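> have a look at this prediction, sequence included:
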Amino acid sequence: MLSTSSTLSLYDLFSALPVVPGLETEEDWQNHRQAFVQSLVPVGYAEYDLAERAALLAWRLRRLNRYQTDAAARGESAPAFAEQALDRDLARIMRYEAHLTRQLQATLDRLAILQRPRRAEAEALVRRGRPPRLYAPTFSDWGPSSSSPSFPDA
């Protein structure tokens, strides 16, 4: 999260660092990164690398949104200065936002391409009435008179 005592400058906005010291915390970044990567369910190094990249791009987009909110708040307190600053930087910020959005979409597209065969295989097995390879038996799979689990034919 953005620190309440500091404002985000353009220099901070364009930083390639995951955490801008004094403005964001390492803990918030790690929580975001872990949740984002986990939600993409990467398997293998290439997918994990793309998921990490997507997490960083999404974090940087969030930083951009915080900057825009902060700039709008500053604009209410000093309209003449803020209007000049926003006019000057608006085109640059819009290009940066479009750039990050395109990079994030391209990264997620690459990840989807890598994951497509695995997802297609799981969907095909489900359509045939078989569980996917990641099947974990539940207690309901155990028959009432059976002492061992009953697994569907593989």
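Here it is on my side, so go on. All of these numbers come straight from a predicted model, not from anything done at the bench.
> drop to CA atoms for contacts and neighbour counts, all remaining ones
Will do.
> so for Trp59, what's the pLDDT?
Among the per-residue scores, Trp59 holds a pLDDT of 95.
> that one: neighbour count?
Applying other C-alpha atoms under 10 Å, we find 19 residues neighbouring Trp59.
> what's the separation between it and Ala120?
The gap separating Trp59 from Ala120 is 30 Å, by C-alpha to C-alpha, to the nearest Å.
> with Gly44 instead?
Distance, Gly44 to Ala120, by C-alpha to C-alpha: 17 Å.
> which ones are touching Glu52?
Neighbouring residues of Glu52 by C-alpha atoms under 8 Å, 6 or more residues apart in numbering: 33, 37.
> any idea which element it lies in?
helix 44-77 (DSSP states H and E).
> list the buried ones in that helix?
Residues of helix 44-77 classed as buried by neighbour count (16 or more other C-alpha atoms under 10 Å): 47-61, 63-64, 66-68, 71-72, 75.
> cool, stretch 37-46 as well?
Buried residues in stretch 37-46 (16+ other C-alpha under 10 Å): 37, 40, 42.
> roughly how far apart are the closest residue to the last one other than its chain neighbours and Arg33?
So that's Pro42. In this structure, Pro42 finds its nearest non-sequential neighbour in Tyr48, 5.0 Å apart by C-alpha to C-alpha, 6 or more residues apart in numbering. Tyr48 sits 11 Å away from Arg33, going by C-alpha to C-alpha.
> now swap in Leu111 and tell me
Relative to Arg33, Leu111 is positioned 16 Å away (C-alpha to C-alpha).
> now Ala122
Taking C-alpha to C-alpha, one finds Ala122 at 27 Å from Arg33.
> these two - which one has more neighbours?
The residue with more neighbours, out of Ala122 and Arg33, is Arg33; 21 against 16, by other C-alpha under 10 Å.
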